[in-house]
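Engineer: compute the structure for the input listed below.
(one chain, ligands or ions: 1)
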Amino acid sequence: MIPRRGILIVLSSPSGAGKTTLTSDLLNWDPLIAFSVSATTRPARPGEREGREYQFRSRAEFRRMVADGEMLEHAEVFGNLYGTPKAAVEETISKGRDLLFDIDWQGARQLRRSELGRDVVSVFLLPPSIADLRSRLEARAQDSEEVIEGRMEQAENEIDHWTDSEYVLVNRDLDETAANLRMIVMAERLKRVRQPGLVKFVQGLNAEFKGRR
Ligand code: 5GP
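Structural biologist: As a prediction, this is how the structure comes out:
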C-alpha cells in the first residue's frame, strides 16, 4: 500500500443530532480511525474512564499544559476547560492513521488555523428539524427539563457555526448519514497531497516507461 498522511476528522453538531452514534459507527467501520482523547477539567461522569473518554485534569494542570504549548487547541465550554493534547495527534497522523474529534466550534476553528490545519476535514451534522432535535434530547431520560432547555440553547449556538465546516450532512436517516460520512473520509484520503508515497510510485512508473525504450 502507498503510505499516506492521516486526516483529522472534525465532526461538529449540536447535541441530539446523532453525533455519538455516528462517531462510534465510524470508529467501528475502520480501525485506522482513532478517537482523539481530549483533556478536560470537568469531573468524570459515571462510566467514563481516565484516558478513554477524556484525560481528567485539575485546572492548574490544564493551565500548565496550555502554558507549555502542549495543547493544539483549547476552549471553555459550559464553565469547564477542554483541550486537545498535541503530542498524540502528531504521532497518530504521521503513522498514517486518522483521528476523529468531538470538539466544539471554538476548538474546530483553532484546529483549522493550527499548523495541522491542512490535515483537517470538517463535517457539520444538522438535525432534520428542531422538533426532532428536541425529542431526541427528551429521549435521554436522565436529563431534567432545565438541562434540556439549556441544551436547546447550546444547540442554537452551535448551529450558528455550520458554515465553518466544509461538508454538511442533514441527518434524516442514520444509515444514509453514516454511509455519506464514510464516503467523505474515503475521498479525502485519496487526495494527492495526502498520499506522499505517490511520488515514489510515479517515479517507478516512469522508470518502467524508460525501460521500454
Ligand atoms: P462533554 O462534557 O459533554 O463531554 O462535552 C461538552 C462539549 O465540549 C462538547 O460540545 C464537546 O464537543 C466539547 N469538547 C470536548 N472535548 C473538547 C476539546 O478538546 N476541545 C474543545 N474545544 N471542545 C471539546
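Engineer: tell me which element the spatially closest residue to F78 that is not a sequence neighbour is part of?
Structural biologist: Excluding the flanking residues, the one nearest F78 by CB to CB, 6 or more residues apart in numbering is Q154, at 7.6 Å. The way it works is simple: take the backbone N, C-alpha and C, and place the C-beta from them, glycine included. Using DSSP states H and E, Q154 falls within helix 145-159.
Engineer: E188 contacts G6, correct?
Structural biologist: No. Between E188 and G6 there is no contact under CB atoms under 8 Å: 10.4 Å.
Engineer: please say which of these two ends up with more neighbours.
Structural biologist: Counted by other CB atoms under 10 Å, E188 and G6 do not tie: G6 has more neighbours, with 22 against 18.
Engineer: any idea how far the nearest residue to that one once chain neighbours are set aside lies from the ligand?
Structural biologist: Leaving aside its sequence neighbours, G6 sits nearest to I93 (CB to CB, 6+ apart; 3.4 Å). Distance from I93 to the ligand, counting by CB to the nearest ligand atom, to the nearest Å: 16 Å.
Engineer: my understanding was that I93 contacts L116; is that so?
Structural biologist: Yes. I93 lies in contact with L116 (CB under 8 Å); the separation is 7.3 Å.
Engineer: now do the shared contacts for those two.
Structural biologist: The contact sets of I93 and L116 overlap at L8 (CB atoms under 8 Å, 6 or more residues apart in numbering).
Engineer: which of the helices or strands spans the residue of the chain found nearest the ligand?
Structural biologist: Using CB to the nearest ligand atom, the closest approach of the chain to the ligand is made by G107 at 2.3 Å. With secondary structure defined by DSSP H and E, G107 is part of helix 105-113.
Engineer: same question, L99
Structural biologist: strand 98-101.
Engineer: can you tell me which helices and strands that strand packs against?
Structural biologist: strand 8-12, helix 19-29, strand 33-35, helix 86-94, helix 105-113 (3 or more CB pairs under 8 Å, 6 or more residues apart in numbering; DSSP states H and E).
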